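Trainee: Got a predicted model here, sequence first, then my questions.
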Amino acid sequence: MSLYFCSLASGSSGNCQYIASDTTGLLLDAGLSGKYINQGLEDIQANIDQLAGLLITHEHSDHVKSAGILMRKYKIKLYVTQLTYERIAHKLGKYSEDLVVIIDKNKKFQVGDLWVEAFSVSHDAVDAVAYTFSKDDNKIAVITDLGHVPFEVLNQMMDCQLVMLESNHDVDMLNAGPYPYPLKRRILSDKGHISNVAAAEAIVRILSLNSCLSHVILGHLSQDNNTPALAYETVKAILEENDLLVGEHIGLDMAYRNRVGRLYKIGDESC
């Protein structure tokens, strides 16, 4: 059985990722309009009837904007930690509480035939989490909105074939840019966002420990302090400095803030 992944959008203007097996579809975050998300699902020919859940990483609006709309439109359950639910409940509009499932971090739960696990990441939110998704021997991780990558987070990626990882900013662009100093400090802090260099260093560490990883997608790029080309070339250069060739040892791709990315199928790789 295969796993499928597609980034419908990733960035401070809105986030939504699609993860699926052959029988179960999930959405991770809902920070764009319901219309955009519905069109994105149609663009990749996702079976909307198989949508079984919406998972939330944290309470910021670029992750929860249309959560209530999707719950009503698709009658799907909302999976969320208790603390985050308390922060977003008033934003959902009318909804049935029967659709809300409170999850525990570091405890796997099943949605359809997919196993899901939430784990803590360091971000300026009440209870920010990232997720892994697995089916049989196939596993995907989506890890954005974090200020640093400790071993506990690296460990979640060890046996993944595909990882979407934040590559938010170029430090020089951020420092030279127009953001006020307190915002720059927030972004650069351990509760902010990781840079292109930090993302690359994390990938190198994962690859030194994990022969399963075959695809990395760089996500949550800043509109003002990064570009897709800069993120890609920075990460590629650091990988190559460590004798890791893009296209040979690892596939490297981008998630975009304003368009749907590539639909990946994970299932033929061996670990």
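Mentor: Now that the structure is in, tell me what you want to look at. Everything quoted here is computed from the prediction, not taken from an experiment.

Trainee: what are the ranges of the helices in this protein?
Mentor: 34-43, 61-64, 67-74, 82-88, 151-157, 171-176, 181-188, 196-209, 228-241 (DSSP state H).

Trainee: ok, Ile250 - contacts?
Mentor: Ile203, Leu207, Leu213, Ser214, His215, Val216, Leu239, Leu244 (Cβ atoms under 8 Å, 6 or more residues apart in numbering). Yep, even glycine has a C-beta here, placed from its N, CA and C like the rest.

Trainee: Among the residues you listed, which one sits closest to Trp115?
Mentor: Comparing the contacts of Ile250 against Trp115 with Cβ to Cβ places Leu213 closest, at 18.6 Å.

Trainee: Next, find the distance separating the closest one from Ile203.
Mentor: 8 Å (Cβ to Cβ, to the nearest Å).

Trainee: Give me the common contacts of the two.
Mentor: Contacts common to Leu213 and Ile203, judged by Cβ under 8 Å, 6+ apart, are Val163, Ile250.

Trainee: hang on, the earlier thing: as JSON lines, the helices of the chain with mean neighbour count and distance to Ser122 would be great.
Mentor: Shown next, in JSON lines, are those (neighbours: other Cβ atoms under 10 Å; distance: least, Cβ to Cβ, whole Å):
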{"stretch": "helix 34-43", "mean neighbour count": "17", "distance to Ser122": "28"}
{"stretch": "helix 61-64", "mean neighbour count": "20", "distance to Ser122": "16"}
{"stretch": "helix 67-74", "mean neighbour count": "20", "distance to Ser122": "23"}
{"stretch": "helix 82-88", "mean neighbour count": "17", "distance to Ser122": "15"}
{"stretch": "helix 151-157", "mean neighbour count": "16", "distance to Ser122": "9"}
{"stretch": "helix 171-176", "mean neighbour count": "14", "distance to Ser122": "18"}
{"stretch": "helix 181-188", "mean neighbour count": "14", "distance to Ser122": "12"}
{"stretch": "helix 196-209", "mean neighbour count": "20", "distance to Ser122": "12"}
{"stretch": "helix 228-241", "mean neighbour count": "16", "distance to Ser122": "21"}
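
Trainee: possible to save those as TSV with distance to Ser10?
Mentor: Shown next, in TSV, are the helices of the chain (distance: least, Cβ to Cβ, whole Å):
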stretch	distance to Ser10
helix 34-43	12
helix 61-64	10
helix 67-74	17
helix 82-88	19
helix 151-157	17
helix 171-176	18
helix 181-188	16
helix 196-209	13
helix 228-241	11
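
Trainee: Thr24: which of the ones you listed is closest?
Mentor: Among the helices of the chain, the nearest to Thr24 by Cβ to Cβ is helix 67-74 (13.1 Å).

Trainee: how near is Asp98 to Tyr264?
Mentor: 33 Å.

Trainee: These two: who's more crowded?
Mentor: The neighbour count for Asp98 versus Tyr264, taken as other Cβ atoms under 10 Å, is higher for Tyr264 (22 against 7).

Trainee: nearest residue to the more buried one other than its sequence neighbours?
Mentor: In this structure, Tyr264 finds its nearest non-sequential neighbour in Phe5, 4.6 Å apart by Cβ to Cβ, 6 or more residues apart in numbering.

Trainee: you'd agree that neighbour is up against Ile140?
Mentor: Yes. Phe5 lies in contact with Ile140 (Cβ atoms under 8 Å); the separation is 5.4 Å.

Trainee: Kindly state which of the helices of the chain is positioned closest to Glu117.
Mentor: helix 151-157 (7.6 Å).

Trainee: hmm, back to that, could you dump the contacts of Ile250 into CSV with distance to Asn226 and pLDDT added?
Mentor: CSV is the format used below for the contacts of Ile250 (distance: Cβ to Cβ, whole Å; pLDDT from 0 to 100):
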residue, distance to Asn226, pLDDT
Ile203, 16, 96
Leu207, 22, 93
Leu213, 23, 94
Ser214, 24, 94
His215, 21, 97
Val216, 16, 98
Leu239, 17, 98
Leu244, 21, 95
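
Trainee: Run a quick check on Met157 versus Ile143, I expect a contact.
Mentor: Yes. Using Cβ under 8 Å, Met157 is in contact with Ile143, at 7.2 Å.

Trainee: Low-confidence ranges, this protein, go.
Mentor: When residues are selected by pLDDT under 70, those of the chain lie in 210, 268-271.

Trainee: Cool, thanks, talk later.
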